[in-house]
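**Student:** Predicted model and sequence follow; I will ask about them next.
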Amino acid sequence: MAIKNNLEFIKNNTLIKKAEELGSLIKKKLWLKVLIALFLGAFFGFLLGPTVGVFSSETSSVITEWVALPGYIFLSLIQMIVIPLIFASIIKGMISCDNINQLKKTGLTIVIYFIITTIIAILIGLLVVNTFNPGHFVDTNTVSQLSEENLSANVQELPTLEKIPSLITGLFPTNVLNSVISGEMLPIIIFTIIFGIALINLKKKQSKPLIDVLSSLQDVCIMIVKYAMILAPIAVFGLMTKVTSQFGIDALKGLGVYVLCVLFGLFLLILFYMLIVSLILKKNPLEFLKKIRDVQLLAFSTSSSAVVMPLSIKTAEEKLKVRSSIAKFIIPIGATINMDGTALYQAIATIFLAQVFSIEISFFALIFLIITIVGASIGTPGTPGVGLVILSMALITVGVPLTGVALILGVDRILDMFRTAVNVTGDLIAAMFVNKFVK
């Protein structure tokens, strides 16, 4: 009996130790907290969603809104400091360059890198969608029921040739405050770069007071981010519950092959990134993924590369050993103009809808589609759902009816989460690339 009691004690003591180790691990690891919150949120949202139907749609909507409240607060905390952080970080990164020639070299390198990787992402998407032909699996009766009224908020016309000069002029903000209020990131970045170049050319005695202010502004923003990250797991749980409660199994029927095509394309893009990490950057891909998992999980759960930008900068500097000047210059720009995951998705979605409507796309239309997607990806705000707005431009390019967007609305948000995680991965690799090749 005594031996049995001792064995039970040892067993229970071992369980206690394991529980303590697990608790300690969860307490220290942000990525593990976020991962657990993701699964719990998905499960809870599934129970509240239309598939299980535990509650009525009205009751479910009320519950999910309250559960998502910490997530809304978390997003607001981060979004309110994104623009000040971009302004301070880009200028600080520019000032860290020794001279204008070095700054030109850095800027030229990253622009070429972004364009090349975006084109490769689009080509991967076109290869996948033309291999599996997901549009042939959709019931044509569903297409005939689509209505233009569902798309009124998402349609954006393709600009004519005569309007392009005015669009280019519009990238230079005449009133920066208007751009800040409307969240137009590309004009803000252009203003910041012009401001930074002017600051670099001032004498040190003149520029030092403003540089000190920017340093303090940056530190304040990072401190707010630290406060917000305490709320991150609870926020992720709420946001995931909200997302999964909005669609049921029916939303995936008929679109399963399309969803799998997008996910497979994003997986191939990640493999391409890992080739860059392994062959060009000479780093261990698994170690790289381990270091950036916090950023990927947060990007996945929030669907916003802008929201995770402060964490991306911190991860690049502390875990990936990217020089501070490079991280603070490349990451904010990448969060705005480097959207490889989004570009791949737009290529797949456009060809998918063309297949649904039985529209043949010529070689020249395909080339124009690639140019359109690359151009549209530049300046895209890193916020949820904006991909649908750009998608409408791509559809007009190849003559696909805009009513087709309504077909993929049901699954867009979940795909948005995956492509945002891929976007931030691309930004971090870009920072490592510039860090290696721009001395």
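**Tutor:** Arrived safely, thanks for sending.

**Student:** residue boundaries of the strands in the stretch 51-200 of the chain?
**Tutor:** In the stretch 51-200 of the chain, no strands are defined using DSSP state E, counting those that start in this stretch.

**Student:** Tell me where the model's unsure across it.
**Tutor:** Low-confidence segments of the stretch 51-200 of the chain (pLDDT under 70): 51-53, 93, 96-100, 138-164, 167-168, 170-171, 183-186.

**Student:** Please list the outside residues in contact with stretch 61-73.
**Tutor:** 44-45, 48, 55, 231, 234-239, 241-242, 245-246, 302 (CB atoms under 8 Å, 6 or more residues apart in numbering). Yep, even glycine has a C-beta here, placed from its N, CA and C like the rest.

**Student:** Among those residues, name the ones in strands.
**Tutor:** Taking DSSP state E, every one of these sits outside strands.

**Student:** Filter the residues you listed down to just the buried residues.
**Tutor:** 44-45, 48, 55, 231, 234-239, 241-242, 245-246, 302 (16 or more other CB atoms under 10 Å).

**Student:** Report pLDDT for Leu48.
**Tutor:** Listed pLDDT for Leu48 reads 81.

**Student:** Could you tell me which residues make contact with it?
**Tutor:** So Leu48 contacts 54-55, 60, 63-64, 241, 245 (CB under 8 Å, 6+ apart).

**Student:** Pick the one among the residues you listed closest to Gly334.
**Tutor:** Thr241 (29.8 Å; CB to CB).

**Student:** surely the closest one meets Phe44?
**Tutor:** Yes - proximity of Thr241 to Phe44 meets the contact threshold set by CB atoms under 8 Å, at 4.9 Å.

**Student:** And the contacts of stretch 61-73, which is closest to Val82?
**Tutor:** For the contacts of stretch 61-73, the residue nearest Val82 by CB to CB is Thr302; the value is 12.0 Å.

**Student:** Show me the contacts of stretch 61-73 that map onto helices.
**Tutor:** The members of those that map onto helices under DSSP state H are 44-45, 48, 234-239, 241-242, 245, 302.

**Student:** farthest-separated two in those residues?
**Tutor:** Top of the distance list for the ones in helices among the contacts of stretch 61-73 (CB to CB): Leu48 and Thr302, 19.9 Å.

**Student:** Please give me every residue in contact with Thr121.
**Tutor:** One thing to correct before we go on: residue 121 is Ala, not Thr. Contacts of Ala121 (CB under 8 Å, 6+ apart): 269, 272, 340-341, 343-344, 347.

**Student:** Between all of those residues, which two are separated the most?
**Tutor:** Among the contacts of Ala121, Phe272 and Ala347 lie farthest apart (CB to CB), at 14.3 Å.

**Student:** of those two, who's got more company?
**Tutor:** Taking other CB atoms under 10 Å, Phe272 and Ala347 do not tie; Ala347 has more neighbours (28 against 17).

**Student:** What are the neighbouring residues in contact with that one?
**Tutor:** Applying CB under 8 Å, 6+ apart, the residues near Ala347 are 121-122, 125-126, 129, 369-370, 373, 394.
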